[in-house]
Structures are given as structure tokens and as C-alpha cells.
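1. Please find the sequence and the predicted model below.
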Amino acid sequence: MASKNTSPDQLPLFPDETPQPQKPSPKTLKLDQKKLDLLRQKKETIIIEGIPRLTLPTRWEQLQPRLEGNEVSLRTIIKPVYEAINVIRDIIEYLRTTDGCQVLVIRADTGSGKTTFLNTLPHYMQDVEFSAQTIDLQTLDEEEFGKQLWNTFTSSDKLNLIILEGREKPESISDRYIQIVLANINRFARTRRVPMLIVIPTIEDQVARSWCEHGTRVGDLIPQQKLYGGSQWYNYPGVPKDKYIEIAEETVRTLNSPYSLVEFGVSADEIRSWVDTAPTIGRFMEILANRISDRRRGARLQLKGRKEHVWIVYCNPDVRHYDHTFLVLDGLVQDEKLRVSPPKLITNSADTTLAAHWRQGKQWNKLVNATNFLDVRLINMPIITTVTAALTYGSDKLLESFKHTSLAKYRDYLTEELGQLNIDWDQVLSERRLQVRNANDSMERTNLFRLLRGLAAEEQRGGNTDTPKLLAQYRHLRDHTSESELHLYIGQTLQALLEYHQFPGFVGVETETRFVPDEPSPVPDVVIHTETDIYALEFHFLRKQIVSSEMSRYALTKVIEKYIKGLSHLSSLLNSID
């Protein structure tokens, strides 16, 4: 408990960050100056994009090929307009009774989803067997239309749905054209004698009126007594505004997996404001596509040198179930490579000052771009790897403390964490220094090393929760070493392992050294240098199991914010992005 004289600013941000007694600074790993000079001489320009490429078709014609044959995806992103479906269903009931033909004129603004609605009817009226076809009037004159219509296949046991698209504006269609089309439809329907629904979508009242006035005089194709809210044509209501965001989200997820909409640099607040100004779902999609495309063009980072990576490594006990840390961070990342997912890091339900700060439009854009520019990943590392590295590279004094300490010293801690234990409390924590091979083998099994090799991360195979002895060793290590020393031991392990594997382009490992030579911040815990990449590893060591909120808070406040502020080339670009 803090004393009354302790100011809030002096309290540790995380419970596990209790100030430790001052100890002599350990040595650090440094790269040979000649190697550094050679790396700095390589100034190849690389371009990194802060926002991924978006696929978001704004019209049915572009969307359809991507969903061809994928019933699940189609039903996920195309929402039925039940009011309009009921109108179609009423007409179909009449046609089933009469085996006749009806023409339905549908009017709605551009982008309201008329074409999408008509083309997806068979998916939402599965009790009706459709034979659906589209004829594009825009490319046909009167004579050509007649030929195409008469060459159209019709089914005797299905409802024949024919959509006549194009020529939706008054200047693109004449009364003569309408009369000839309707006359052909009338003769065609009487000849084929099958239930047939001809649907004509348009964006203009004037065009809809012309179709209906002529249709009532030609074979009763448009019954004069049939009205839709007082009109002979049907005013299609379109998708309701409260569905815009849901549809956009599902479309983006389906076509851009594993990304969600807000991972393209737009905040939830901005998206809601665009819904208010968009008259139709199509216009809303256009706004999204345009805004994201504009931001993507402005979110390109040109680097002269090597690709930068910032990887956050969490090391803490797993005492409730095995691989607990991996399962927690798996809920905050977007893929098997453990790339951080901003919307999972800061959920819409998170009610904190920190979350509110990052959800603002400008800040959200910075966060999305920064995590992509820096390839931010969340990685778990078992405590056994840290313990093994320390028992391999630790000082003689540290090794002696392990040899002269028994499990009994940590009996209360182990009992609290694991319950009553039937073990030999007199056994010492460790009897000998471990070999380099032991440290290499342990590090080689980690997700950190898998990701360095370009492999997918995975849960540990086999094993259970951390053993009592391992927990005691880790606790002892945390009590008797500084984090700087842990960074050194892990750095030495990585150095030996990467040299052993002749890691492609490997140059060396540094600990607690400036990330950019001419800038005082940031100073990563461990840096891996290759000829093409530089990996900044930021470690978070805890004495207890980690929870999701702490994992995300540490990533945001202790790492991502630090790199955004500390890297001048990054902060300059992020501040310039709209």
C-alpha cells in the first residue's frame, strides 16, 4: 500500500513493476562498429504501406463474381429487404395461379440496392424455384431486343424472372422503345405460356410512369388496379440505414479476411457520421471506398535502410491451464503470425480513458498505420526459456544462489498458486549451470523463433501448466536479477541460436541500445540485426498470469506510444495523414 506522501505519478503503472533495489548495471550486447557501419551504408529505399489494400465493390456487377457459388458469403453480406420480398411474393402467387405474365417497375435512387435485391431473390425465396436472367437494354435497339427476348430460355416448372436493366433515365429511352419492348413481351408471354415476371428497375419517376402508362394498355401486363402505396410502380425502400454498417463490416470481412473495416484506418465514430450523410447503401459503400483509398495513398512510408519490426514478448507463469498466455494474446491478434489487431486491442465496449483516446478518428488512424508500419506483433514466451537462458548465461553469483536455495523458500507462494503439493521441499532450485545447447533448444521451440523463420505461431504441443519447481525458479530469478540482466541472457541465447542456424543475413544481437543511432528514443530491450531487417523486441516479465486488459494496456502505453513518439520518421508521417 502506498504511503500518504506518495503521489499518483510515482505509483507503478503495472502491479508487477514495483521498483527494485538499485543494482549495478549489467553489461550489454553491442554490435561490432564495423558491422554497424556496413549496415548504415546500405541505403536501399523500401516502401511500407500503413493501410492494407481494400476490396469493396460498390455495385452488384463487381461483387457477383467474387461471391459466385459461395452461398454462405452471399447470405452473410446481402441483407434481405423483407417488405420488397413480400411484394414479389404476392405477384408470384398470382402468376402461379394464372400461368400468366406480369411486369413490375421498381423505382429507387442509384445505389439503393435494386439490382442486388433482384439478383439475390432466389437465395431468400428458397420455396420458389426461379429461372433468372438479365437483359441489358442499354446495348440493344428495338429490333435487337426482340431477337434476344425470343432467344431467351424459359422453364415450364419454374418461375421465370427476367430483369430488364439499363436505360433508366428519360433521355435514354423513348415512348416508342417502351411500346416495342412491351409488345414483344406480350407476344412472347402468350406464346410461351409459363409463369413469367418481368422486372424493370429505374431511378426516375418519369421513366417509371412511362412504363406503367404503356403497360396498362398492353395485354394487362401492369394491372391498372394494382397499386403500391398509391403508385402503379413500386418504390423500393432500399436497405435501412441501421443496416449500413453491419453490411459494410460483413462485406469487408468476407472479401478482405482477416481484416475488419476499422483496420483500414477509419474509426467507428467516422463510419457512423458517414451513415448519416449517405442517402443509400451504395453511396455509403462509395464513401468508405473513397475515404480509405485516399488515406491509403497518403499512408506510405519510405525508408532508406532496413524494414523495422516491433515485437512485444510476454513472459509470465501459466498456472491455471497450459499455454494461457498464448490463448490470451490470440484474442488480440488478427492471424496466425500474431500481428496485432487494433479493434481487438481496443474494443468498442472498453470504457476507459485510454480506449476513448485511441478511438478518436485521428488517433485511430495513427494506431492502425503505426501497427502496420512497425509490424507490431504480440508473442508469448514460456518462463522456462527465460529460466534456461539465465541458468546458461547467468553470473556465478546467480548460479550459486540457485544451488543454495530450496523449494521450501517458496512454499507459501507455490501453495497459494497451485494448492497443496506433495513434493520434496528440500530439493534445490538448480544444481548446475546449463549448456548453451539447453538454452538454444528452449528458444528454438518458442513462437518468437518460429515467427523469425516466417512460420505460423502455435500452441505448445504437450506439457501442462508450469511445474512447481519451474515456478520457483522463475520467482527466484525475478527476485535476484534485474530486467536488464534478463534482456542480456535472452540476447545471448538468441545470438547463439541464430548463429548456430546460420540465420539468413544475420548480423548480430544488441541489448538496450538505441533503435535509431541518432535518436535517443526508443531503446528496445533486445534488437536483432539482419542485413534486411531490424527486430526490436520489447519484453514484459510478470510474476503472475496475465489478463487481456493488461496485455493490451502494456502494448499501447509502454510500446506503441513510445515508438510513435520516438521515431521521428514515423511520427512525421502519421501527423501528416488526414
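-> Nice, I can see it. Numbering: from 1, shown residues only.
2. List the contacts of the closest residue to V275 other than its chain neighbours.
-> Excluding its sequence neighbours, the residue lying closest to V275 (CB to CB, 6 or more residues apart in numbering) is Y244, at 4.9 Å. Where C-beta positions appear, they are placed from N, C-alpha and C, glycine not excepted. Contacts for Y244 (CB atoms under 8 Å, 6 or more residues apart in numbering) come out as V275, A278, I281, F284.
3. which one among those gets closest to P237?
-> Closest approach to P237 among those (CB to CB): I281, at 11.2 Å.
4. so what's the closest one closest to, chain neighbours aside?
-> V239 (4.3 Å).
5. Without its sequence neighbours, what residue ends up closest to W364?
-> S267 (3.9 Å).
6. So what's the residue count around that neighbour?
-> 20 (other CB atoms under 10 Å).
7. separation between it and K147?
-> S267 is 53 Å from K147, where distance means CB to CB, to the nearest Å.
8. picking up where we left off before, please compare the contacts of Y244 by their distance to Q41 and name the closest.
-> Relative to Q41, the closest of those is F284; by CB to CB it sits at 50.5 Å.
9. List the residues that contact the closest residue to that closest one other than its chain neighbours.
-> Distances taken as CB to CB, 6+ apart place A278 nearest to F284, at 3.7 Å, with adjacent residues excluded. With contacts defined as CB under 8 Å, 6+ apart, the neighbours of A278 are K241, Y244, F284, I287.
10. buried subset of the residues you listed?
-> Y244, F284, I287 (16 or more other CB atoms under 10 Å).
11. Now, those that are in helices?
-> The subset of the buried ones among the contacts of A278 located in helices under the criterion DSSP state H comprises Y244, F284, I287.
12. Let me know the pLDDT of the residue nearest to F284.
-> For A278, the pLDDT comes out at 93.
13. just to revisit the earlier point, against L332, how distant is the residue nearest to W364?
-> 19 Å.
14. do T216 as well
-> Going from T216 to L332 by CB to CB gives 62 Å.
15. For these two, indicate the residue with more neighbours.
-> The neighbour count for T216 versus L332, taken as other CB under 10 Å, is higher for L332 (20 against 17).
16. Let me know the pLDDT of the more buried one.
-> As predicted, L332 sits at a pLDDT of 95.
17. So for it, what's the nearest residue that isn't a sequence neighbour?
-> Here the residue nearest L332, using CB to CB, 6+ apart, is K344, at 4.8 Å.
18. what about the one you found, how many neighbours?
-> Residues near K344, counting by other CB under 10 Å, number 18.
19. Run through the residues that contact it.
-> Residues near K344 by CB under 8 Å, 6+ apart: G331, L332, V333, Q334.
20. Which of those are buried? Put it as a ChimeraX command.
-> A single ChimeraX command selects the buried members of the contacts of K344 (16+ other CB under 10 Å):
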select :332,333,334
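21. next structured bit after the lowest-mean-pLDDT helix or strand in the chain?
-> Least confident helix or strand, the chain: helix 71-77 with a mean of 71, by mean pLDDT, DSSP states H and E. Downstream of helix 71-77, the next assigned helix or strand under DSSP states H and E is helix 82-98.
22. Show me the contact partners of that next one.
-> Contacts of helix 82-98 (CB under 8 Å, 6+ apart): 100-102, 104, 117, 121, 124-125, 128, 159, 195-197, 228, 234, 236-237.
23. how near is the nearest residue to D175 once chain neighbours are set aside to V181?
-> Take D175 and drop its neighbours on the chain: the residue closest to it by CB to CB, 6+ apart is S210, 6.2 Å away. From S210 over to V181 the distance is 11 Å, taken as CB to CB.
24. These two: who's more crowded?
-> V181 (27 against 20).
25. Give me the pLDDT for that one.
-> So V181 comes in at 93 (pLDDT).
26. That one reaches E142, doesn't it?
-> Yes - in this structure V181 lies within contact range of E142 using CB atoms under 8 Å: 7.3 Å.
27. which stretches of the stretch 251-400 of the chain form strands?
-> 300-304, 307-315, 377-380 (DSSP state E, counting those that start in this stretch).
28. Please find the angle between the direction vectors of the first one and strand 307-315.
-> For strand 300-304 and strand 307-315, the angle between their directions (axes from the mean of the first three to the mean of the last three CA atoms, to 10 degrees) works out to 100 degrees.
29. Please spell out which residues along strand 300-304 are buried.
-> Residues of strand 300-304 classed as buried by neighbour count (16+ other CB under 10 Å): L301, L303.
30. what's the distance between the residue sitting nearest the centre point of the chain and W425?
-> Centroid-nearest residue in the chain: Y259, 2.7 Å away (criterion: CA atoms, centre = their mean). As judged by CB to CB, Y259 and W425 stand 52 Å apart.
31. where exactly do the strands run in the stretch 451-578 of the chain?
-> Counting by DSSP E, counting those that start in this stretch, the strands of the stretch 451-578 of the chain are 506-511, 526-530, 533-541.
32. Not counting stretch 451-468 itself, show me its contacts.
-> With contact meaning CB under 8 Å, 6+ apart, stretch 451-468 is reached by 311, 317-324, 326-327, 336-338, 377, 379, 382-384, 407, 414, 418, 421, 423, 445, 447, 450, 474, 498, 503, 528, 535.
33. residue ranges of the helices in the stretch 251-400 of the chain, please?
-> Applying DSSP state H, counting those that start in this stretch to the stretch 251-400 of the chain gives helices spanning 268-277, 281-298, 324-330, 342-345, 353-359, 361-373, 383-393, 396-403.
34. how about the nearest residue to N186, chain neighbours excluded?
-> Nearest residue to N186, sequence neighbours excluded (CB to CB, 6+ apart): G219, at 3.8 Å.
35. Wait, a strand at the one you found?
-> No - G219 is assigned coil when assessed by DSSP: H, G, I helix; E, B strand; the rest coil, not a strand.
36. Settle this for me: it is touching T191, isn't it.
-> No - shown here, G219 and T191 do not form a contact pair, counting by CB under 8 Å, at 12.0 Å.
37. that older thread, secondary structure element holding the residue nearest to D175?
-> helix 205-215.
38. now do L161
-> Per DSSP H and E: strand 159-165 holds L161.
39. which residues touch the next helix or strand along the chain from that strand?
-> Sequence-wise, the next helix or strand downstream of strand 159-165 (DSSP H and E) is helix 175-192. Helix 175-192 has contacts (CB under 8 Å, 6+ apart) with 100-101, 103, 137, 142, 145-146, 149-150, 152, 154, 160, 164, 167, 196, 198, 210-211, 214-215, 218-219, 221.
40. Can you pull the phi/psi pair for P520?
-> phi -70, psi -20 (degrees, to the nearest 10).
41. So what's the residue count around it?
-> By other CB under 10 Å, neighbour count at P520 equals 8.
42. who's in contact with the spatially most distant residue from the centre of the chain?
-> Relative to the mean C-alpha coordinate of the chain, counting by CA atoms, centre = their mean, the farthest residue is R217 (55.6 Å). For R217, the contact set (CB under 8 Å, 6+ apart) is empty.
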